[in-house]
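Peer 1: what follows is a predicted protein model with its sequence.
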Amino acid sequence: MSADAIVARPVAAGNFARYGKVYDLAGDTDRDVIRTNGDGWQDGFTRTPLIDGSGHLGMTRGGSAPWSCTAMERHPQTEEAIFCAAEPVVLAVAPASTADAPHRDEIEAFVIAPGQAVVMHRNVWHDACRGATRPAAYYWMAICGLGESPWIPVAGGPRQVRTTDGPSA
């Protein structure tokens with residue numbers, strides 16, 4: 001593995017707390033998820049609204065890991081929720097800041113599995129997600145129309161994001 005590469009780890013409430021919240025809609029232990037059951041089905045939904053405000057639902061189709069994280073964006077006026085459709089996706093983030101750009105040494109990456117949702121705090125730097133093993137689509141929810149959210153080059157240069165310690169693709 002390249003010394004410049006970071007390895008994505010499975011997202012969990014503890015390791016993602018500085019960036020936002022994690023919901024486990026498929027499991028049965030998340031206290032912030034309400035569960036219901038019916039004849040042949042199970043349901044899980046967030047106890048509170050997913051994001052602050054009336055969000056827009058979007059879908060992005062991304063490539064796959066590994067990739068070079070060269071630029072990130074942030075949203076000062078809205079949280080953003082991300083949840084995958086059918087395939088796990090990888091989210092690269094850097095801490096919320098007032099800096100002009102995210103720094104490569106602060107980038108972390110997380111694998112979001114089907115049935116999980118993450119909600120990033122305002123101003124968290126993030127790249128578009130990529131599929132963990134192949135190109136994948138994912139959904140996002142944020143308030144749109146609040147002004148431009150420019151993609152800013154990563155300070156210090158790109159950072160490779162991977163899902164394993166194995167050889168790069």
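Peer 2: Yes, it's here. Numbering: from 1, shown residues only.

Peer 1: ok, the residue of the chain most remote from its centre to G115 distance?
Peer 2: Among the C-alpha atoms of the chain, the one farthest from their average position, using C-alpha atoms, centre = their mean, is that of D39, at 33.0 Å. D39 sits 21 Å away from G115, going by C-beta to C-beta, to the nearest Å. Bear in mind the C-beta positions are built from the backbone N, C-alpha and C, glycine included.

Peer 1: same deal with T36?
Peer 2: Distance from T36 to G115, by C-beta to C-beta: 15 Å.

Peer 1: quick one: which of those two has more around it?
Peer 2: G115 (13 against 9; other C-beta atoms under 10 Å).

Peer 1: and the more buried one, what are its phi and psi?
Peer 2: Dihedral pair for G115: phi 100, psi -10, per degrees, to the nearest 10.

Peer 1: okay, now T48: neighbour count?
Peer 2: With other C-beta under 10 Å as criterion, T48 counts 8.

Peer 1: wait, it sits on V33?
Peer 2: No - look at T48 against V33 with C-beta atoms under 8 Å: they stay out of range, at 10.4 Å.

Peer 1: pull up the overlap in contacts between those two.
Peer 2: The contact sets of T48 and V33 do not overlap (C-beta atoms under 8 Å, 6 or more residues apart in numbering).

Peer 1: so for this structure, the centremost residue is which one?
Peer 2: Note: the chain centre (C-alpha atoms, centre = their mean) maps to L91, 3.9 Å.

Peer 1: any low-confidence regions in this structure?
Peer 2: Low-confidence segments of the chain, defined by pLDDT under 70: 1-3, 165-169.

Peer 1: show me where it has its helices.
Peer 2: Secondary structure of the chain (DSSP state H): helices located at 13-16.

Peer 1: which residue packs closest to V154, ignoring adjacent ones?
Peer 2: Closest residue in space to V154, ignoring its immediate chain neighbours: R104 at 5.1 Å, by C-beta to C-beta, 6 or more residues apart in numbering.

Peer 1: thought the one you found was touching P158?
Peer 2: Yes - look at R104 against P158 with C-beta under 8 Å: they come within range, at 7.0 Å.

Peer 1: looking at the two, which has the bigger crowd around it?
Peer 2: Between R104 and P158, counted using other C-beta under 10 Å, R104 has the larger neighbour count: 18 against 15.

Peer 1: cool, thanks, talk later.
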